[in-house]
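1. Take a look and give me a structure for this.
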Amino acid sequence: MSAQTKDVLEKYPSYQATIGIEVHVQLKTKSKIFCGCSNNFGDEPNSNICQVCAGYPGTLPVLNKKVVDFAIMAGLAADCTITPKTDFARKHYMYPDLPKNYQVTQDDNPICQNGHITIELEDGSEKQIRILRMHMEEDAGKNIHTTLGTSLVDLNRAGTPLLEIVSQPDIATAQEARAYLMRLRSIVQYLGISDADMEKGSFRADVNVSVKKKEATQLGTRVEVKNINSFKYIGQAIDYEIERHITMLETGETMRMETRLWDSKNNKTFFMRSKEETADYRYFTEPDLPLIVIDDAWIENLRKQLPELPHHKLARFQKEYGLSGYETAILVDTQERADFFEAAAKAGAPAKPIANWMLRNLLSFLNESKLSLTESPVTPHHLAALVNEIEQGTINNKIAQDVFAEMAATGKMPAIIIEEKDLKQVGSSDELEAIVKKIVEDNPDSVAKLKAGQDRVLGFFVGQVMKATQGKANPVVINELLKKYLG
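-> Residues are numbered from 1 along each chain as shown. Model prediction:
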């Protein structure tokens with residue numbers, strides 16, 4: 001539970017929040033859902049359009065089978081029931097970026113229904129968030145508002161295949177919402193059906209929040225917050241709405257169904273429009289697309305193609321490698337991280353130190369350098385070799401930090417860096433003994449303080465030995481020798 005939500009709900013213990021989330025996932029197909037135009041982000045505006053996706057009268061759509069495959073795979077990954085006979089519908093509304101004045105989507109017969117996603121809570125327990133439905137649809141175009149006060153329309157995105165995933169209102173806090181969305185994003189990335197890049201808009205969430213008294217049998221008035229483009233902002237928007245709802249209910253104000261937007265500069269939501277009812281869209285069956293019949297053979301063929309999913313990998317990593325739930329959750333969040341970790345572990349180094357170096361050093365370096373794991377100059381073999389140099393006593397952890405920095409800068413293997421820079425640990429007892437003996441003899445006052453019970457002085461002696469050896473002394477040998485000479 002986020003700190004803000006926890007504080008609000010502790011302040012008003014008689015209230016509870018109910019949250020449902022609708023996620024739009026852009027599917028990573030080569031072409032659009034109903035035509036052969038390229039489905040590629042970032043191209044010159046209006047360069048990937050044709051008469052079909054631009055909504056010319058008289059044109060006919062042709063369904064991209066890959067979109068159906070991807071939808072079925074997502075449904076199987078979430079333990080959904082796959083609808084054997086499914087169809088499309090027209091959803092009518094007018095907006096400049098919707099050239100046909102209707103969106104081709106699915107209505108009361110979605111392709112996937114009644115599944116669930118399992119998330120891990122902060123206390124280590126698990127919770128299932130039920131999936132009401134998943135359905136296929138086309139995306140609209142994009143409005144571009146210029147500084148000159150004009151608006152332009154880019155139809156490159158029009159006809160991009162989407163999978164809308166609608167949860168049941170099973171989410172109670174911002175933390176649960178974030179965990180659910182992160183797990184859902186991981187799943188579609190593992191499946192390879194979407195890059196799920198929130199900055200590019202290929203993973204967009206609309207959050208529905210309501211608040212009620214705990215003893216109430218009906219849910220409170222629902223407010224939707226649309227198109228939030230980061231997990232951080234989603235959590236903040238939920239926190240803000242929960243507090244706003246409770247404050248309004250406490251002061252007797254009337255809650256109304258409405259759609260709101262998130263203002264990330266001022267950390268607040270603001271009114272967009274009154275919430276539409278489903279009837280406003282005047283759904284009817286799309287007459288230009290046939291019924292889709294999905295048989296068992298089609299489903300089973302796709303089931304065989306499913307990879308090991310993040311929640312399964314999480315359980316395996318904890319059991320097989322002895323990692324904590326916290327460590328594993330970060331490692332399996334993306335397929336890239338999980339594959340990198342496992343490749344390093346299989347290269348022959350202990351798993352626990354590899355995880356520590358990945359989480360503490362490697363991910364920080366990549367974040368600062370704005371690099372992905374695939375672009376990292378530190379490969380799984382680099383990291384495994386570094387861990388083995390530490391485990392074998394060639395270098396200590398302090399020197400290893402310098403070796404890692406040099407690996408990241410040059411891409412050299414740790415053994416080469418250690419040799420070139422003469423970083424091999426001073427581990428010989430004979431070599432260190434003379435150094436320790438001299439430091440003890442040169443600091444009688446510190447020896448007296450240590451014997452008088454000032455245990456922190458021991459750190460002074462360790463530091464002096466490290467300084468004398470330029471940080472290359474073996475800490476284990478240092479401690480053994482200090483015990484010998486300090487009693």
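2. switch to C-alpha atoms for all contacts and neighbour counts from now on
-> Fine.
3. tell me how far stretch 159-170 is from the chain's mean position?
-> Between the centre of stretch 159-170 and the centre of its chain there are 17 Å (Cα atoms, centre = their mean, to the nearest Å).
4. quick one: contacts of that stretch?
-> With Cα atoms under 8 Å, 6 or more residues apart in numbering as the test, stretch 159-170 has contacts from 18-27, 29, 31-35, 39, 53, 67, 71, 129-141.
5. what about that stretch, start to end distance?
-> With Cα to Cα, to the nearest Å as the measure, stretch 159-170 spans 31 Å from end to end.
6. Looking at the contacts of stretch 159-170, which are in helices?
-> Applying DSSP state H to the contacts of stretch 159-170, the entries found in helices are 67, 71.
7. Report the buried residues of the longest helix along the chain.
-> If you go by DSSP H, the chain has its longest helix at helix 231-250. Within helix 231-250, the residues that qualify as buried are 231, 233-246, 249, counting by 16 or more other Cα atoms under 10 Å.
8. Closest one of these to Val188?
-> Phe231 (16.1 Å; Cα to Cα).
9. Contact partners for that closest one?
-> Phe231 touches 178, 181-182, counting by Cα under 8 Å, 6+ apart.
10. which of those residues are buried?
-> Buried, going by 16+ other Cα under 10 Å: 178, 181, out of the contacts of Phe231.
11. between the contacts of Phe231, which is nearest Asn101?
-> Distances from Asn101 to those, taken by Cα to Cα, are shortest for Leu181, at 30.5 Å.
12. pLDDT averaged over the helix or strand following the longest helix of the chain, what's the number?
-> Elements were assigned by DSSP states H and E; along the chain past helix 231-250, the next helix or strand is strand 258-263. For strand 258-263, mean pLDDT is 94.
13. how many degrees apart are strand 258-263 and helix 231-250 in direction?
-> Taking axes from the mean of the first three to the mean of the last three Cα atoms, to 10 degrees, one finds strand 258-263 and helix 231-250 inclined to each other by 130 degrees.
14. neighbouring strands for strand 258-263, and are they parallel or not?
-> strand 223-228 (parallel), strand 268-274 (antiparallel) (DSSP bridges).
15. looking at the ones you listed, which is closest to Leu98?
-> The closest of those to Leu98 is strand 223-228. By Cα to Cα, the value is 17.1 Å.
16. Identify the spatial nearest neighbour of Leu306, chain neighbours not counted.
-> Leu191 (6.7 Å; Cα to Cα, 6 or more residues apart in numbering).
17. for that neighbour, what are its contacts?
-> Going by Cα under 8 Å, 6+ apart, the list of residues near Leu191 reads 73-74, 306-307, 309.
18. give me the low-pLDDT residue ranges for this structure?
-> 1-8, 276-279, 425-431, 487 (pLDDT under 70).
19. Can you get me the centre-to-centre distance for the longest helix of the chain and its chain?
-> Between the centre of helix 231-250 and the centre of its chain there are 22 Å (Cα atoms, centre = their mean).
20. Alpha carbons of it, as PDB, please.
-> Extracted in PDB, the C-alpha atoms of helix 231-250 (Å, rounded to 0.1, in the frame of the first residue of the first chain):
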ATOM      1  CA  PHE A 231       3.200   3.500 -13.100                       C
ATOM      2  CA  LYS A 232       4.300   6.300 -10.800                       C
ATOM      3  CA  TYR A 233       1.500   8.600 -12.000                       C
ATOM      4  CA  ILE A 234      -1.100   5.800 -11.800                       C
ATOM      5  CA  GLY A 235      -0.300   5.300  -8.100                       C
ATOM      6  CA  GLN A 236      -0.400   9.100  -7.500                       C
ATOM      7  CA  ALA A 237      -3.700   9.500  -9.300                       C
ATOM      8  CA  ILE A 238      -5.300   6.700  -7.400                       C
ATOM      9  CA  ASP A 239      -4.100   8.100  -4.100                       C
ATOM     10  CA  TYR A 240      -5.400  11.500  -5.000                       C
ATOM     11  CA  GLU A 241      -8.900  10.200  -6.100                       C
ATOM     12  CA  ILE A 242      -9.300   8.100  -2.900                       C
ATOM     13  CA  GLU A 243      -8.600  11.100  -0.800                       C
ATOM     14  CA  ARG A 244     -10.800  13.400  -2.900                       C
ATOM     15  CA  HIS A 245     -13.700  10.900  -2.800                       C
ATOM     16  CA  ILE A 246     -13.500  10.500   1.000                       C
ATOM     17  CA  THR A 247     -13.300  14.200   1.500                       C
ATOM     18  CA  MET A 248     -16.400  14.800  -0.600                       C
ATOM     19  CA  LEU A 249     -18.400  12.000   1.100                       C
ATOM     20  CA  GLU A 250     -17.400  13.400   4.500                       C
END
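21. that older thread, from the contacts of Phe231, which is closest to Phe88?
-> For those, with Phe88 as the reference and Cα to Cα as the criterion, the closest is Leu181, at 26.3 Å.
22. host element of the closest one?
-> helix 174-191.
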